[in-house]
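Colleague: After the sequence you'll find the predicted model.
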Amino acid sequence: MTMDKGAVLKALGRVSEPDLKKDLVTLNMIENLQVEGNKVSFSIVLTTPACPMKSRMKEDCEQEIHKDFPNAEVEVNFTAKVTSGKSNPAHANIKNLVAVISGKGGVGKSTIAVNLAAGLARSGAKVGLVDGDIHGPSIPLMFGLKDERPEVIEKDGKSKIVPYEKFGVKMVSMGFFADPDKALIWRGAMITSAFRQIMDDTEWGELDYLIFDTPPGTGDIHLTLVQNYSVTGIVVVSTPQEVALADARKAYNMFVNPDIDVPVLGLVENMSYFSPPEFPDKKYYLFGKEGGKRLAEKTGIKLLAEIPIVEDVCQSGEIGIPAVVDEANPLSEVFYAMAQNVAQAVAIRNANQGPTKVVEITQ
């Protein structure tokens, strides 16, 4: 058998992407294929820049080529292209909008959103972050920007907000515009208007992911989000105890309601357990054990991460350095793995479920 491009593609057609369960050729994940004598080189286009399965795919490709051509010299390179499942999105330059939700406050939702955004940016993706908690914005503090005010520019006859960028994350928050010591005494219509202005009047540029940190509960912001924007999927955040899980179930049920029908990417269980620094192998389940795991199993969604209680994570939010970008933080790699799990869930959703849509709520 002559080793040419067609023969090599036939061999690569036997290699499956581990998450998408389809072969690399069908998924158009093979690029820049070159064959010169007994040497073959090509690139695998990953769905997320730091795909944990790339070593396995490389080995599988080499193995399948060597089955047909034992003496072939195989060079495998990697590139990344974040996919999008959007159909007529409000922002054509934003590939994926991921909302981080919780049924109740105090479960660390903003901590998860911040580290998710910074973790995706750390992997090489282009990322934005919206602080959707109009009454209790925390993103400026968690990025060390609480006293900053963003620039406003004129573009095409309209005023545009220039988002702050730090750790590779572009961000906007009501906290940049309001007095941090004064309460916003606003009704729902004013909140919705402010939210849409933040979304629509920000100069985002090209983004692979826009992470949306929602307020607790299931209210005006959540409905405005799904009615006006193509949401790729949601990430549910809860702590292990039943009082938090009960509200997390309500939040989950809102988005899987047939009238809304937004994909659920998975669940993050925060404050899963506590391990004293002097006894790192000892786990104390202060809020119950494996409540998030049971909820994930019952609902059929993926458990994206179990985040333990570590004092350094709380401190990272106060000093404005997300744990995921701090090599000295003991949970840096835990948050990074969470971000990659979310990226994989987005890729699977885009490959298997078709385009997202703007939701029409029936009354």
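Modeller: Yep, that arrived.
Colleague: how about the strands in this structure?
Modeller: Assigned by DSSP state E, the strands in the chain fall at 30-36, 39-46, 73-80, 94-101, 127-131, 151-155, 158-162, 164-166, 169-173, 207-213, 233-238, 264-274, 303-309.
Colleague: quick one: strands adjacent to the shortest one?
Modeller: Sheet pairing of strand 164-166 (DSSP bridges) gives strand 169-173 (antiparallel).
Colleague: So what touches the partner strand?
Modeller: Residues from elsewhere that reach strand 169-173, judged by C-beta atoms under 8 Å, 6 or more residues apart in numbering: 117-118, 121, 127-131, 137, 139-140, 143, 145, 150, 161, 163-165, 198, 202, 204-205, 207. For glycine as for every other residue, the C-beta is placed from the backbone atoms N, C-alpha and C.
Colleague: Could I get the strands of the chain in TSV, plus columns for mean neighbour count?
Modeller: Output for the strands of the chain, formatted as TSV (neighbours: other C-beta atoms under 10 Å):
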stretch	mean neighbour count
strand 30-36	14
strand 39-46	19
strand 73-80	14
strand 94-101	26
strand 127-131	27
strand 151-155	10
strand 158-162	14
strand 164-166	18
strand 169-173	26
strand 207-213	26
strand 233-238	29
strand 264-274	23
strand 303-309	21
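Colleague: Among the ones you listed, which comes closest to Y336?
Modeller: Across these, Y336 has its closest neighbour in strand 303-309 (10.0 Å, C-beta to C-beta).
Colleague: Packing partners of that closest one?
Modeller: When contacts are defined as 3 or more C-beta pairs under 8 Å, 6 or more residues apart in numbering; DSSP states H and E, strand 303-309 packs onto strand 264-274, helix 291-299, helix 332-352.
Colleague: Pick the most deeply packed of these.
Modeller: Here the criterion is mean neighbour count by mean count of other C-beta atoms under 10 Å, and of those the winner is strand 264-274, at a mean of 23.
Colleague: Residue ranges in this structure under the pLDDT threshold?
Modeller: The chain contains residues with pLDDT under 70 at 50, 86-90, 180, 183-184, 188, 353-363.
Colleague: measure stretch 104-115 end to end?
Modeller: 19 Å (C-alpha to C-alpha, to the nearest Å).
Colleague: ah, wrong one, I meant stretch 48-60
Modeller: End-to-end distance of stretch 48-60: 19 Å, with C-alpha to C-alpha as the criterion.
Colleague: Work out the gap between that stretch and the centre of the chain.
Modeller: Averaging C-alpha positions (C-alpha atoms, centre = their mean, to the nearest Å) puts stretch 48-60 19 Å from its chain's average.
Colleague: Just put the strands of the chain in a markdown table and tack on distance to A189.
Modeller: Below are these laid out as a markdown table (distance: least, C-beta to C-beta, whole Å):
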| stretch | distance to A189 |
| --- | --- |
| strand 30-36 | 49 |
| strand 39-46 | 43 |
| strand 73-80 | 41 |
| strand 94-101 | 21 |
| strand 127-131 | 19 |
| strand 151-155 | 23 |
| strand 158-162 | 21 |
| strand 164-166 | 27 |
| strand 169-173 | 20 |
| strand 207-213 | 20 |
| strand 233-238 | 24 |
| strand 264-274 | 29 |
| strand 303-309 | 34 |
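Colleague: Can you tell me how far G13 is from G317?
Modeller: Using C-beta to C-beta, to the nearest Å, G13 is found at 47 Å from G317.
Colleague: Which of the two has more residues huddled nearby?
Modeller: Neighbour tally, G13 and G317, criterion other C-beta atoms under 10 Å: the higher count belongs to G317, 20 against 14.
Colleague: Wait, that one touches I112, no?
Modeller: No. The criterion here is C-beta atoms under 8 Å, and G317 misses it with I112 at 11.2 Å.
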